[in-house]
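Trainee: My questions concern the predicted model and sequence given below.
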Amino acid sequence: MKKYNFNAGPSKLPHKAIEKTAQQILDFNGSGLSLAEISHRAKDFKPVVDEAMSLVKELLDVPDGYSVLFLGGGASLEFCMVPYNFLIKKAAYLNTGTWAKKAMKEAKLFGEVIEVASSAAEGYNNIPKGWTCPSDVDYLHITTNNTIFGTEIHSDPNVSVRLIADMSSDIFSRPVDVSKYDCIYGGAQKNLAMAGLTLVIVKDDALGKAPRQIPTMLDYRTHVEKGSMFNTPPVVPIYSALETLRWIKSNGGVETMEKKACKRADILYSEIERNKLFHGTAREEDRSLMNICFVMNEGYKDLEKPFLDYATSCGMVGIKGHRSVGGFRASCYNAQTIEAVQALVKCMKEFEANN
């Protein structure tokens with residue numbers, strides 16, 4: 001039986017990227033050594049890092065004056081590194097869900113944190129509107145896509161202060177005006193690579209302003225100066241990122257990724273709206289293209305487990321909603337196929353017909 005991977009992360013990657021990475025793990029560039037056992041300073045590996053960094057800049061049209069970093073620790077470490085490097089006295093955060101809250105918690109260790117707006121009272125089913133950012137904060141932090149609640153910020157905000165974004169789950173899925181941001185970061189295990197790699201895009205002249213001594217490994221300047229090679233980087237995930245970036249470029253770049261994301265989401269959201277058993281959890285204008293969340297309608301709550309069991313029997317993997325919200329979540333990152341979405345829709349229609 002064919003399996004369809006809807007996991008929220010680690011998630012589906014392009015098959016070509018997986019295949020190429022697997023080949024290099026067996027024998028890297030004909031060296032007789034595995035990619036998993038070579039030195040990150042090996043002459044054959046430096047071109048991998050250089051090309052991957054170059055492709056990030058090309059695909060996202062990164063302006064001059066920015067550095068691309070490949071680090072470890074995941075986005076959760078960035079929750080700490082961002083305020084360590086950028087928070088002087090006060091920072092503003094837009095609270096749109098679990099990960100935004102976690103980022104805020106870390107920032108409070110370094111200074112005052114202002115919550116400019118929150119959708120917590122509505123169960124994080126929307127992106128707050130009508131808020132203003134204080135002009136006296138060191139930066140505004142946003143989480144562009146909320147994997148647990150299925151909401152997404154679909155455009156780059158216009159603010160007068162430094163803008164920092166966690167783009168873990170939607171980076172490379174749409175064009176981004178990088179010039180509006182001083183720092184963009186994200187864990188790789190959604191749209192870029194296997195887990196173990198963190199992508200950071202940082203504006204060079206924004207660094208070195210914080211009035212504190214920063215531990216060497218937590219100082220962005222360390223990694224800028226050493227080209228992400230200060231300590232041993234995650235070699236295999238960087239190579240898988242390179243293959244994914246090549247795949248994105250060969251398939252039309254982020255503009256094409258956005259069109260495909262819209263098509264997948266339209267198919268699935270249309271079925272959720274049509275099907276008498278289900279309804280979506282996010283407000284229509286803020287619905288995520290990456291994480292499509294839905295639950296059983298009133299009167300059909302007892303069918304939640306039977307549907308999950310049926311979907312699993314049909315080859316659907318990872319559609320169970322996050323434990324904190326329940327229901328279902330179909331993650332449709334760049335590598336997700338129309339075929340998989342259509343298979344899930346077919347499954348939903350069959351279950352409706354039988355119930």
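Mentor: Done, it's in.
Trainee: Going along the chain, name the strands of the stretch 201-350 of the chain.
Mentor: Remark: strands assigned in the stretch 201-350 of the chain by DSSP state E, counting those that start in this stretch are 278-280, 291-296, 316-317, 328-331.
Trainee: Kindly present those as TSV, with separate columns for mean pLDDT.
Mentor: Listed next are the strands of the stretch 201-350 of the chain as TSV, based on pLDDT from 0 to 100:
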stretch	mean pLDDT
strand 278-280	96
strand 291-296	97
strand 316-317	98
strand 328-331	98
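Trainee: what about those strands, which gets the closest to residue 142?
Mentor: Taking Cβ to Cβ, strand 291-296 is the member of these nearest to residue 142, at 16.4 Å. Backbone N, C-alpha and C define where each C-beta goes, glycine included.
Trainee: Pairing partners for that closest one, with directions?
Mentor: Applying DSSP bridges, strand 291-296 is found paired with strand 278-280 (antiparallel), strand 328-331 (antiparallel).
Trainee: pull the CA atoms of it into CSV?
Mentor: The C-alpha coordinates for strand 291-296 follow below in CSV (Å, rounded to 0.1, in the frame of the first residue of the first chain):
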residue,chain,number,x,y,z
ASN,A,291,-0.6,23.0,7.9
ILE,A,292,-4.3,22.4,7.1
CYS,A,293,-6.2,21.8,10.4
PHE,A,294,-9.7,20.5,10.7
VAL,A,295,-12.0,18.8,13.2
MET,A,296,-15.2,16.8,13.3
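Trainee: Could you check how far that strand is from the centre of its chain?
Mentor: Relative to the chain's own centre, strand 291-296 is displaced by 18 Å; criterion: Cα atoms, centre = their mean, to the nearest Å.
Trainee: Touching that strand from outside, list them.
Mentor: For strand 291-296, the external contacting residues (Cβ atoms under 8 Å, 6 or more residues apart in numbering) are 8, 145-150, 169, 265, 268-269, 272, 277-282, 303-304, 307, 321, 325-332.
Trainee: These, buried ones only, as a PyMOL selection?
Mentor: Selection of buried members from the contacts of strand 291-296 for PyMOL, criterion 16 or more other Cβ atoms under 10 Å:
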select buried, resi 8+145+146+147+148+149+150+169+265+268+269+272+277+278+280+281+282+303+304+307+321+325+327+328+329+330+331+332
